[in-house]
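**Q** Got a sequence here, can you model it:
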Amino acid sequence: MATATGTVLRRCGRVAVARLSTTPAALSGGGLPTVMERHGNRQVIGYGYNGEPNYMDRVDYPIPAVRFKEETPQIKALREKEKGDWKKLTPEEVQELYRATFCQSFAEMQAPTGEWKLALGGTLIACSMAIWVYLWMKVYVYDTMPDTITNPEKVEAQVQRMIDLRINPVEGVSSNWDYEKSQWKN
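**A** Reported below is the predicted structural model:
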């Protein structure tokens, strides 16, 4: 199905307009889709986030461009009543008017969701699995450590042999070691 400004795409039961070009359509008399086509019977009340007439609950942009609920006869009657004295409105009517414009209050938007519990649980599970894999590999995959690494006498003999053969000579402060006498130089 095509419109004056582009192609209408149907996804998940929603209609989305993919605009290819709005200027040629406006110049040819086609124009943009009306507010009723894009938002149903919801009232456009402002500029919107990034200039788009859409509804979005955001703390950093508190006034959406479109009211949350569509206009019903009950809401229209309340809107007429709100033009008068607000003291005559009941708290339920005030709340219904608020919910017709907004989906969530600031307290609801900023309320903790508990997602941190899922993230922490997933992290702890991943850490425990990594530890179990390490232990399994240590028992079943890796060989035992060689005697030349675990025996302190052999390690000391290796170090002394490296010193005697002058393997990897040391520079800096440690270069003051006298290799022949096995003591510090004066």
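**Q** For Val66, name its beta-bridge partners.
**A** Beta-bridge pairing for Val66 (DSSP bridges): Val44.
**Q** Surely it touches Pro53?
**A** Yes - using C-beta atoms under 8 Å, Val66 is in contact with Pro53, at 5.5 Å. Quick note: C-beta positions are derived from backbone N, CA and C, even for glycine.
**Q** Quickly list what's touching both of these two.
**A** Shared contacts of Val66 and Pro53, defined by C-beta atoms under 8 Å, 6 or more residues apart in numbering, comprise His39, Val44.
**Q** With neighbour numbers in mind, choose between these two.
**A** Val66 (20 against 17; other C-beta atoms under 10 Å).
**Q** For Val168, give me its contacts.
**A** Rather than Val, residue 168 is Asn. Asn168 neighbours (C-beta under 8 Å, 6+ apart): Met162.
**Q** Gln95 and Ile131: what is the separation?
**A** Relative to Ile131, Gln95 is positioned 52 Å away (C-beta to C-beta, to the nearest Å).
**Q** Trp177: neighbouring residues, count only.
**A** 14.
**Q** and what of the one 4 residues further on?
**A** Here the neighbour count serves as a burial measure; for Lys181 (other C-beta under 10 Å) it reads 8.
**Q** got it, and Met137?
**A** Counted with other C-beta under 10 Å, Met137 comes out at 10.
**Q** And Pro62, by the same measure?
**A** 10.
**Q** For it, which non-adjacent residue is spatially closest?
**A** Excluding its sequence neighbours, the residue lying closest to Pro62 (C-beta to C-beta, 6 or more residues apart in numbering) is Phe106, at 7.5 Å.
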